[in-house]
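Asks: let me see the structure of the following:
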Amino acid sequence: MDPTYVAVARTDTIAPGRFIKVTVQGQDYLIANTGGHFYAVEDNCSHEDYPLSYGCLDGDRIKCSLHGSRFSLRTGQPLDDPADQPIRTYRLRIAEGQIWLDPSDSDHSDSSA
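Replies: Numbers count the residues shown, from 1 in each chain. Below is the predicted model of the structure:
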């Protein structure tokens, strides 16, 4: 595995339609499972600097519980007001049931189960 990737969870610990919060190198991330596809995003709403881990999944979107903005887990783009800036997405790799996160750079997740 590429040295920038960090093991963060087992695939069987995140049920479909659920997410977990993980901390890597002092930064918080959400790892979400939407129908067997895994995504990683920052745990921070771009609108009010509020943890997205207090929110909920809505399909392949994460909803902020503070003002209701939803963000695409795939692209990080805001889908509802009041947010108008994207959140960061991160690359994931799945190998032998292990989820690996690349915290070194924000990018689109290349996730698969």
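Asks: so for the helix or strand harbouring D105, what gets flagged as buried?
Replies: Take DSSP states H and E as the rule and D105 turns out to sit in strand 98-106. Buried positions in strand 98-106, judged by neighbour count with 16 or more other C-beta atoms under 10 Å: I99, W100, L101, D102, P103, S106. Placement of C-beta: from N, CA and C, glycine included.
Asks: now, which of those sits nearest L66?
Replies: S106 (22.0 Å; C-beta to C-beta).
Asks: where does the protein have low pLDDT?
Replies: Scanning the chain for pLDDT under 70 picks out 1, 106-113.
Asks: the residue nearest to Q77 when sequence neighbours are not counted: neighbour count?
Replies: Counting by C-beta to C-beta, 6 or more residues apart in numbering, P86 is the residue found nearest to Q77 once chain neighbours are left out, at 5.0 Å. Using other C-beta atoms under 10 Å, P86 is surrounded by 16 other residues.
Asks: so P86 makes contact with R74?
Replies: No. If you go by C-beta atoms under 8 Å, P86 and R74 don't touch, sitting 11.1 Å apart.
Asks: re the thing from before, which elements pack onto the strand holding D105?
Replies: Using 3 or more C-beta pairs under 8 Å, 6 or more residues apart in numbering; DSSP states H and E as the contact test, the elements touching strand 98-106 are strand 6-10, strand 18-24, strand 27-34, strand 37-42, strand 89-95.
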